[in-house]
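Enquirer: Based on what follows, work out the 3D shape:
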Amino acid sequence: MARTKTSWVKGQSGNTAGMPRGTERKVTRIVRQLSERATPEIAEGIIRDALQGDAQARALFVKYLMPAKPKYIPTPIKLPVASSGAQALEQIALLIAGLAGGRIDLEAGHLVLEGLRAYLAGVPTAELEAKFREFRLLMLQWQDKKP
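Expert: Down below sits the predicted model:
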């Protein structure tokens, strides 16, 4: 597109006579000042009305004033260290029972299950390497005994 007198210039504001950057709008300033002064009294009034049975006050309390529940609460999960695939499978069964019984948080359980799954994926490789080392030792011993 060819530049014309009316095209925008890169890096230049389109409204040079507009409000300077960082200037607070009048409505924003009024709302901020009201909330700074009146927030505690309004919150106390909503809580008082909610306790007296006002349905609208209860709805306001739940929507705006009620503390949010944390998304994740760490749950200690006590499992012995798995040293074999069979032990990891036992731990998975214990974990699933804890999840089903509601004793273990779903997020925490999922993370531990993923870790056990990754461990199980590596167990066959480790066991195979151990068997290979054992076989190699047997071969060396056999070669030493050979005349």
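Enquirer: Which positions in stretch 105-115 come out as buried?
Expert: 105, 108-109, 112-113 (16 or more other CB atoms under 10 Å). For every residue, glycine as well, the C-beta is placed using N, CA and C.
Enquirer: Quick check: mean pLDDT of that stretch?
Expert: The pLDDT scores in stretch 105-115 average 82.
Enquirer: next helix or strand past the strand or helix carrying residue 39?
Expert: Taking DSSP states H and E as the criterion, residue 39 maps to helix 26-51. Per DSSP H and E, the first helix or strand lying C-terminal to helix 26-51 is helix 55-60.
Enquirer: residue ranges of the helices in this structure, please?
Expert: Under the criterion DSSP state H, helices of the chain are mapped to 26-51, 55-60, 85-100, 106-145.
Enquirer: Check what pLDDT residue 72 gets.
Expert: On pLDDT, residue 72 comes in at 61.
Enquirer: Hmm, I typed the wrong one, I wanted residue 52.
Expert: Note for residue 52: predicted pLDDT of 93.
Enquirer: what's the answer for residue 62, then?
Expert: For residue 62, pLDDT reads 84.
Enquirer: Give the burial count for it, as a bare number.
Expert: Per other CB atoms under 10 Å, the neighbour tally for residue 62 reads 10.
Enquirer: Next: residue 36.
Expert: 9.
Enquirer: do the one 5 residues further on as well
Expert: Neighbours of residue 41 under the rule other CB under 10 Å: 9.
Enquirer: again with residue 46
Expert: Count around residue 46 with other CB under 10 Å applied: 19.
Enquirer: any idea how this structure splits into domains?
Expert: 26-65, 85-145 (automatic domain parsing).
Enquirer: Mind putting the ones you listed into a markdown table with distance to residue 10?
Expert: As requested, those are exported to a markdown table (distance: least, CB to CB, whole Å):
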| stretch | distance to residue 10 |
| --- | --- |
| domain 26-65 | 30 |
| domain 85-145 | 47 |
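Enquirer: Kindly state which of those is positioned closest to residue 7.
Expert: Proximity to residue 7 (CB to CB) singles out domain 26-65 among these, at 32.4 Å.
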